[in-house]
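# With the sequence up front, the predicted model follows.
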Amino acid sequence: MTSQNPTETSGKTQWDNLILPSTPNLHKVETYISHGGYEAFKKALEMKPEEVTDEVKKSNLRGRGGACFPTGLKWTFMPKQTTKAKYLCVNGDESEPGTFKDRQIFEFNPHLLIEGTLIACYAMGIPTAYIYIRGEYAKWIKMMELALADAYGKGFVGEKILGKEFSCNIYIHKGAGAYICGEESALMNSIEGERGYPRVKPPFPAQYGLWGCPTTINNVETISNVPIIIKNGWEWYSKIGAPKHPGPILVGVSGHVNKPGVYEMPTGIPILEIIHRWAGGVPGDKGIKAVIPGGSSTMVLRGDQLEGVKMDADSMKAAGSAVGTAGLIVMDEDTDLIKVLTRLAKFYYHESCGQCTPCREGTGWLWKVLKRFEKHEARMQDIDLLMDIANNIEGNTICALGDAAAWPIQAMIRRFRDEFEKRVVHAQAGTPESVAV
Amino acid sequence: MLNESNKQKLEELRKRYPTSQALVLPVLWMVQEQEGYISEDAMKYVAAILNVSYGHILGVVTFYTMFHSKPLGSHHIEVCTNVSCMLRGCDKIVEHLENKLGITFGETSKDKKWTLSEAECLGSCGTAPMLAIADEYYESLTPQKVDEILERLRP
Ligand SMILES: Cc1cc2nc3c(=O)[nH]c(=O)nc-3n(C[C@H](O)[C@H](O)[C@H](O)COP(=O)(O)O)c2cc1C
Ligand code: SF4
Ligand code: FES
């Protein structure tokens, strides 16, 4: 299940992993150091902090947490002069269905994440970072804690690091089971010991974040790209993959493929190549009915419209979806898409924090109406009803969970209306057809 | 309520956060790991040592799905039924577990040995279907593998 280096198949993009190299025992600090680990951090310490930020900005690194936001730009939002404390939160909540990539970093390259955290903190003048990890990842939290203790032991983390003026502490904060805590403002509330309620924005975290102080939130994989940029320079990095969304990306492939798993590749690889060459194709050589390209919140794409669609922000946008977390869920021709969508609706209903009426009520309604389709009990007008409910949630809520609940439904109706209509017809004819998942 | 080693741990943790309220999650975790669940008395205790209201603690405990205010069976089996697991046949795993244990989602067996829960995506989509028991993940499941797991846990 770990990321393999897929050079063995001919005709496939040649690629040597940068985030998850195949080096044995890389999780151990000695191994990491002997393979050039913490050199990027030392290099950064010789630069001015703003030069480090500039390097990340020019590299065009974009966030891997879902929104593809330019990382360097985000860092410039942090005030340089402030009397308040400053914080970095590294987001390892990883709870978006279909997403299982950050876990690989915790397990196989924890020091890359620690090194990236240190460089980010140095660039923004931050003395304290919290790595927030979902509670279910208890095993991986322990691995991170061991790695962190070793990094402290080697003097890379703590006070006056490597004899310099720069001090930085990194702490791991364990979540307790709530998808919404991956939303950045809910994550901060969770660290503060509150329920994971998202905050109204503005104010944005760079002004008023953790305990009201300037705060930056970045995904685990985003931060893990930083040492690679500093080590090799922005020019080198920005030439990897898609020019406007460059770099290595961890693509988690799940569902109907022969070799599910996390694969590291440059951005911009065609979806069909990922499915067939990396993930070994669809079992039984079946056709692809649909894919959810980037975690459950991204819009479903039709299998017959995947030609030319690539795993990068522009290509995905043009195709009418998004890279999201690059959690690619593949569904073969026999998949019951209504069942899939009903399960997702249940998820969003369950995970809604309940603060906003359109999200709290709307997600419940979506699930209820979809269950009618699942049971072949729906009426034709229920299709429009679903669309109406989704449209009423979208854009009318405090956080993006509302949108994330609406988008899959809107896309499924637009792209697979026939699947809904079939359920209505059968309901009326009274002959439910069983469809395999 | 907190044992000596946890009390020491708490003092260490205090240095990591500027407020004592930030220790709510870490301390609730300690209590749950120690006691198996978080009782009303435990919540009152946590409220007192962290100087926050009981209502706040109650709100937090009920908000997060991993905190339990009632005791569970000795083995808490959580099966992911989200989409990636569904596509890889989690229904069969669930059915098998229900038959074997004689309970369904949300139930605890009469002998208090097993609690079965439905889980959302646990980040094992590439090794689906899967289940989690305590801190351990069991992946790429088949009914036979499930039997082996249950056998090993049956004391
Ligand atoms: C409901 C919801 C859940 C989210 N879950 C995660 C998550 O688990 N991990 C993550 O990195 N970002 C998650 N995000 C996105 C974060 O809010 C934030 O944009 C991200 O951590 C920023 O990091 P990046 O710029 O490095 O991508 C979530 C957003 C929403 C609305
Ligand atoms: S959109 Fe939903 S999850 Fe987000 S704050 Fe509102 S109710 Fe909570
Ligand atoms: S969907 Fe089951 S672990 Fe992700």
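Happy to help now that I have it. Ligands and ions are numbered 1, 2, ... in the order given.
# tell me the strands in chain B, going along the chain?
B:75-80, B:107-108, B:114-119, B:131-133, B:136-138 (DSSP state E).
# Of all these, which one comes closest to ligand 2?
strand B:114-119 (19.1 Å; Cβ to the nearest ligand atom). C-betas here are computed from N, CA, C, even on glycine.
# so what secondary structure elements neighbour the closest one?
Secondary-structure packing of strand B:114-119 (3 or more Cβ pairs under 8 Å, 6 or more residues apart in numbering or on different chains; DSSP states H and E): strand B:75-80, helix B:90-101, strand B:107-108.
# Against chain A - does the second one have any residue that ends up touching it?
Yes - against chain A, helix B:90-101 shows contacts by Cβ under 8 Å from any Cβ of the partner chain at residue B:91.
# would JSON lines of the strands of chain B with mean neighbour count be doable?
Formatted as JSON lines, those follow (neighbours: other Cβ atoms under 10 Å in any protein chain shown):
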{"stretch": "strand B:75-80", "mean neighbour count": "22"}
{"stretch": "strand B:107-108", "mean neighbour count": "17"}
{"stretch": "strand B:114-119", "mean neighbour count": "21"}
{"stretch": "strand B:131-133", "mean neighbour count": "21"}
{"stretch": "strand B:136-138", "mean neighbour count": "17"}
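# So which of those strands is nearest residue A:56?
Closest of the strands of chain B to residue A:56 is strand B:136-138, at 33.8 Å (criterion: Cβ to Cβ).
# Paired strands for the closest one, with orientation please.
Here strand B:136-138 has these sheet partners by DSSP bridges: strand B:131-133 (antiparallel).
# Would you mind giving the strands of chain B as TSV with mean pLDDT added?
Formatted as TSV, the strands of chain B follow (pLDDT from 0 to 100):
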stretch	mean pLDDT
strand B:75-80	98
strand B:107-108	98
strand B:114-119	98
strand B:131-133	98
strand B:136-138	98
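# Would you reformat these as CSV and include distance to residue A:109?
Below are the strands of chain B laid out as CSV (distance: least, Cβ to Cβ, whole Å):
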stretch, distance to residue A:109
strand B:75-80, 25
strand B:107-108, 40
strand B:114-119, 27
strand B:131-133, 23
strand B:136-138, 19
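# can you list these in TSV and add distance to ligand 2?
Converted to TSV, these look like this (distance: least, Cβ to the nearest ligand atom, whole Å):
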stretch	distance to ligand 2
strand B:75-80	21
strand B:107-108	28
strand B:114-119	19
strand B:131-133	24
strand B:136-138	27
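# show me the contacts for residue A:251.
Residue A:251 makes contact with A:101, A:262, A:263, A:264, A:265, A:269, A:274, A:278, A:311, A:326, A:327, A:328, according to Cβ atoms under 8 Å, 6 or more residues apart in numbering or on different chains.
# tally of neighbours for residue 46?
Unless you meant another one, I'm taking chain A. 8 (other Cβ atoms under 10 Å in any protein chain shown).
# oops, I was thinking of chain B
Neighbours around residue B:46, by other Cβ under 10 Å: 24.
# Tell me which residue lies farthest from the centre of chain B.
Farthest-out residue of chain B from its mean C-alpha position, per Cα atoms, centre = their mean: residue B:18, at 28.0 Å.
# Could you measure from it over to ligand 2?
25 Å (Cβ to the nearest ligand atom, to the nearest Å).
# tell me the phi and psi of the nearest residue to that residue once chain neighbours are set aside?
Closest residue to residue B:18 apart from its sequence neighbours, by Cβ to Cβ, 6 or more residues apart in numbering or on different chains: residue A:211 at 5.9 Å. Dihedral pair for residue A:211: phi 50, psi 30, per degrees, to the nearest 10.
# any idea which element residue A:89 lies in?
Here residue A:89, judged by DSSP states H and E, is contained in strand A:87-92.
# what about that strand, near ligand 1?
Yes - contact between strand A:87-92 and ligand 1, assessed by Cβ under 6 Å from any ligand atom, occurs at residue A:91.
# How about the contacts made by residue A:170?
Taking Cβ under 8 Å, 6+ apart as the definition, contacts of residue A:170 comprise A:114, A:117, A:118, A:128, A:129, A:130, A:131, A:148, A:151, A:157.
# per-residue confidence for residue 125?
Just going to use chain A. Looking at residue A:125, its pLDDT reads 98.
# my question was about chain B
Value for residue B:125, per-residue pLDDT: 98.
# any idea how far it is from residue A:409?
21 Å (Cβ to Cβ, to the nearest Å).
# residue boundaries of the helices in chain B?
Ranges of helices within chain B are B:4-14, B:24-35, B:40-50, B:54-63, B:83-87, B:90-101, B:143-153, based on DSSP state H.
# Quick check: buried residues in the third one?
By neighbour count on 16 or more other Cβ atoms under 10 Å in any protein chain shown, the buried set for helix B:40-50 is B:42, B:43, B:45, B:46, B:47, B:50.
# mind giving me JSON lines with the residues you listed and columns for pLDDT and distance to residue A:341?
As requested, those are exported to JSON lines (pLDDT from 0 to 100; distance: Cβ to Cβ, whole Å):
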{"residue": "B:42", "pLDDT": "98", "distance to residue A:341": "40"}
{"residue": "B:43", "pLDDT": "98", "distance to residue A:341": "38"}
{"residue": "B:45", "pLDDT": "98", "distance to residue A:341": "44"}
{"residue": "B:46", "pLDDT": "98", "distance to residue A:341": "40"}
{"residue": "B:47", "pLDDT": "98", "distance to residue A:341": "42"}
{"residue": "B:50", "pLDDT": "98", "distance to residue A:341": "42"}
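# Just send those back as CSV, with distance to ligand 3 too.
Formatted as CSV, the buried residues of helix B:40-50 follow (distance: Cβ to the nearest ligand atom, whole Å):
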residue, distance to ligand 3
B:42, 30
B:43, 31
B:45, 35
B:46, 31
B:47, 34
B:50, 33
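# from those residues, which single one is nearest chain A?
residue B:50 (7.8 Å; Cβ to the nearest Cβ).
# Quick one: distance of stretch A:368-378 to the chain centre.
31 Å (Cα atoms, centre = their mean, to the nearest Å).
# Counting neighbours, which bits of that stretch end up buried?
A:369, A:370, A:372, A:373, A:374, A:376, A:378.
# Could you point out the helix or strand that follows the lengthiest helix in chain A?
Counting residues, the longest helix found in chain A (DSSP H) is helix A:357-374. For helix A:357-374, the following helix or strand on the C-terminal side (DSSP H and E) is helix A:381-393.
# Which residue does chain B have closest to ligand 1?
For chain B, Cβ to the nearest ligand atom, closest residue to ligand 1: residue B:123, 9.5 Å.
# Now do the same contact list for residue B:16.
Counting by Cβ under 8 Å, 6+ apart, residue B:16 has contacts A:169, A:171, B:22.
# Next: residue A:59.
A:72, A:229, A:234, A:237, A:238, A:246, A:247.
# can you pull the pLDDT of the second one?
Per-residue confidence (pLDDT) for residue A:229: 98.
# What are the structural domain limits within chain B?
B:4-63, B:75-153 (automatic domain parsing).
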